[in-house]
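Attaching a predicted model along with its sequence, questions to come.
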Amino acid sequence: MLAKRVKKIKPSPTLAVSAKIKAMKAQGIDVVGFGAGEPDFDTPDNIKAKAIEAINAGFTKYCPVEGIPELKEAIVEKIKKELGLEYKTSEVIVSCGAKHSIYNALMSLVDEGDEVLIPAPYWVSYPDMVLLCGGKPKIIKTKEVEGFKLDPDKLKRAITPKTKVLILNSPSNPAGVTYTREELEDIANVLLKHKKVFIISDDIYEKLIYDGLKFSNIVQACPELKERTIIVNGVSKTYSMTGWRIGYALGPKPVIDAMINIQSQSTSNPTSISMKAAVEALKGPQEAVENMRREFEERRNIIVEGLNAIEGVKCLKPKGAFYVFPNISSTFGKKSPSKKLINNSLSFSEALLEEAKVGVVPGAEFGAEGYIRLSYATSRENIKKGLERIREFILSLR
């Protein structure tokens, strides 16, 4: 009955974990949730005020499919000021979230059988979006000892005549992997030799970066790749506007035009009110962004130190985003107090939720078995409470 493409994909596991945690909390169960991929801060007041102003002004009708000119101009100004990159408004599209922009880009570039290179661990939606486009996700495994970073030699070996796109996410979900400009230059040197390969640079966590590290993307590192790179970003993570659903992409005009055509026949324009709010987000005061970044950095320090203090757990210290990706493989082969065998990241996560009331996402969903993902987009109190429950749970395994 259903189309074959639907049978190739599965529901988002991160959203499923979040939904389960919310359902348990609604039943009065004291659950510590580390599943959510969204900031726990409110949207800044100045941004909300602009949305209210737009409603009161009657800005509630259809808009240009690719986004209102005012927002596209703000995006062009931002990218020039912050990254030194020059784009025209005709090379910009605004979509219903960065996820939508990525999907539109893949739909525009990927034909049946084309390969899309995805370094693992990866954001859960990348492979399924490729499958929906008729493409073939080709996973490039990275190593914990190398900081989960894409090795240029592995990239070189992975490229075939069928390779069409490389997806690069920095800072990344789930491991907070953040590439330096020099590392991006090394990757770019490989891509320069393969002129038919496009790059989708997912920069959604660009402002959430720590330890004094400066954000870079691959177009900055190698301007020659600009004509085959689609830069994707949005306001969701930076301004705590996940529900407003505003993402955007910049890239070569033929690709952006194709994305606009696809969007015109699927969703039409993003929400008018949200776009007015996004203009204020990009052009208004930025103090809230830095305050949020500082708080996330402190939380990262707490959660990384706490996880590494648990016997049998090893956790790299990420340089960006708001996730940690600890190695819990030492628990495999043991049993929980309820006699549940822990033999992979899924069984660990299920037992942890059922018996310790802590929600995490299994690493297998991100293409990396033996790990779990925790979001520290929650209070310090919750982080400490959750760490203690994880410690007690692991100590109880036999």
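Ah, there it is.

do you know how far the residue nearest to residue 310 when sequence neighbours are not counted is from residue 116?
Of all residues not flanking residue 310 in the chain, residue 391 sits nearest, at 4.8 Å (CB to CB, 6 or more residues apart in numbering). Quick note: C-beta positions are derived from backbone N, CA and C, even for glycine. Between residue 391 and residue 116 the computed distance is 39 Å (CB to CB, to the nearest Å).

what about those two, which has more around it?
residue 116 (27 against 17; other CB atoms under 10 Å).

How about the contacts made by that one?
106, 110, 126, 130, 135-138, 163-167 (CB atoms under 8 Å, 6 or more residues apart in numbering).

of all these, which two lie farthest apart?
126 and 163 (15.0 Å; CB to CB).

Compare neighbour counts for those two and give me the winner.
residue 126 (25 against 19).

Could you check which helix or strand contains that one?
helix 125-132 (DSSP states H and E).

Tell me which helix or strand comes right after that helix.
strand 136-141.

now the most centrally placed residue in the chain, nearest residue through space, not along the chain?
The structure's the chain has its C-alpha centroid closest to residue 173; by CA atoms, centre = their mean the separation is 4.5 Å. Among residues not flanking residue 173 along the chain, residue 123 sits closest, at 4.6 Å (CB to CB, 6+ apart).

OK, contacts around residue 94?
Contacts of residue 94 (CB under 8 Å, 6+ apart): 66-68, 71-72, 75, 246-248, 269-270, 275, 278.

tell me the secondary structure for it?
strand (DSSP: H, G, I helix; E, B strand; the rest coil).

Distance of it relative to residue 342?
Residue 94 is 45 Å from residue 342, by CB to CB.

What of residue 119?
Residue 119 is 27 Å from residue 342, by CB to CB.

With residue 357 instead?
17 Å.

out of the two, which sits in the busier spot?
Using other CB under 10 Å as the criterion, residue 357 and residue 342 rank with residue 342 on top: 23 against 19.

Please report the distance of that one from residue 390.
On the measure of CB to CB, residue 342 and residue 390 end up 13 Å apart.

can you check residue 220 too?
38 Å.

of those two, who's got more company?
residue 390 (24 against 20).

wait, doesn't the more buried one sit right on residue 311?
No. Residue 390 is not in contact with residue 311 according to CB atoms under 8 Å; the separation is 11.3 Å.

Helices along the stretch 51-200 of the chain, start to end?
For the stretch 51-200 of the chain, applying DSSP state H, counting those that start in this stretch gives helices covering 69-83, 98-109, 125-132, 152-158, 181-191.

Save those helices as TSV, and put in mean pLDDT too.
Listed next are these as TSV, based on pLDDT from 0 to 100:
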stretch	mean pLDDT
helix 69-83	98
helix 98-109	98
helix 125-132	97
helix 152-158	98
helix 181-191	98
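
out of those helices, deepest packed?
Most buried of the helices of the stretch 51-200 of the chain by mean neighbour count (mean count of other CB atoms under 10 Å) is helix 98-109; its value is a mean of 24.

Which neighbouring elements make contact with that one?
strand 92-95, helix 125-132, strand 163-169, strand 198-202, strand 229-234, strand 247-250, helix 253-264 (3 or more CB pairs under 8 Å, 6 or more residues apart in numbering; DSSP states H and E).

quick one, it and strand 229-234 angle?
Angle, helix 98-109 to strand 229-234, by axes from the mean of the first three to the mean of the last three CA atoms, to 10 degrees: 160 degrees.

Identify each buried residue in the top helix by length along the chain, please.
Within the chain, and with DSSP state H defining each element, the longest helix by residue count is helix 287-308. Neighbour counts over helix 287-308 (16 or more other CB atoms under 10 Å) mark 288-289, 292-293, 295-297, 299-300, 303-304, 306-307 as buried.

Not counting the helix or strand bottoming out on mean pLDDT in the chain itself, show me its contacts.
Within the chain, confidence by mean pLDDT, DSSP states H and E is lowest for helix 13-26 among all helices and strands, at a mean of 80. For helix 13-26, the external contacting residues (CB under 8 Å, 6+ apart) are 31, 33, 35-37, 124, 349, 353, 357, 359-362, 365, 373.
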